[in-house]
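Chemist: What follows is a predicted protein model with its sequence.
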Amino acid sequence: MWSDKFVLGIEKIDDQHKKLYDAVQEFLIAISEDKDVAEIKKMLNFLANYIFEHFSTEEDYMDKYEYPHASHHKSEHKAFTDEFHKMKDQYERDGATKFISLQLEGWLFDWLKKHVSGSDAALGIFLKKKL
């Protein structure tokens, strides 16, 4: 769930984080309520595209302002994207099994909270000095 403690002070990134948290929450609610498979797949596709858009935004800032920890931060994005697509493919192949649902639920929110409050917070501090 989104909290103001995740605010970085970079409006574009903060807005994207809020939208991402909302989309993840809607997706997890849809899974828990056994929504239609087509609806859940649509949500997964939206998340995949939005995650790409968001990571691209952050990485553009990193490149433009020569963020010294960009390589590590980008590697976190890649690891997340790879794992997300692996789970997405498994979901599309096997459906909403209890295992994949619980795995997605725990992993998505946990990763987002850790990444936003850790790596993204450090990026936000750096960017506020540059903007």
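Modeler: Alright, I've got the coordinates. Numbering: from 1, shown residues only.
Chemist: so after the helix ranked longest in the chain, what's the next helix or strand?
Modeler: Longest helix of the chain, by residue count under DSSP state H: helix 37-64. The helix or strand immediately downstream of helix 37-64 is helix 70-94, counting by DSSP states H and E.
Chemist: Quick one: distance of that next one to the chain centre.
Modeler: Remark: helix 70-94 is offset 10 Å from the chain centroid, using C-alpha atoms, centre = their mean, to the nearest Å.
Chemist: in that helix, what's buried?
Modeler: Residues 70, 73-74, 76-77, 80, 84, 87-88, 91 are the ones in helix 70-94 that count as buried (16 or more other C-beta atoms under 10 Å). Every residue, glycine included, has its C-beta placed from N, CA and C.
Chemist: what's it in contact with?
Modeler: Under the criterion C-beta atoms under 8 Å, 6 or more residues apart in numbering, residues 40-41, 44, 47-48, 51-52, 55, 58-59, 62-63, 67, 100, 103-104, 107-108, 111, 115, 119, 123 lie in contact with helix 70-94.
Chemist: go with 10 Å
Modeler: With contact meaning C-beta atoms under 10 Å, 6 or more residues apart in numbering, helix 70-94 is reached by 31, 37, 40-41, 44-45, 47-48, 51-52, 54-56, 58-59, 61-63, 67, 69, 97, 99-101, 103-104, 107-108, 111-112, 114-115, 118-120, 122-123, 126.
Chemist: Narrow the residues you listed to those that are buried.
Modeler: Counted by 16+ other C-beta under 10 Å, the contacts of helix 70-94 give 31, 40, 44, 47, 51, 54-55, 58-59, 61-62, 67, 100-101, 104, 108, 111-112, 115, 119-120, 123, 126 as buried.
Chemist: Output the contacting helices and strands for the lowest-mean-pLDDT helix or strand in the chain.
Modeler: When each helix and strand of the chain is scored by mean pLDDT, DSSP states H and E, helix 98-115 comes last, with a mean of 82. Applying 3 or more C-beta pairs under 10 Å, 6 or more residues apart in numbering; DSSP states H and E, we find helix 98-115 packed against helix 11-32, helix 37-64, helix 70-94.
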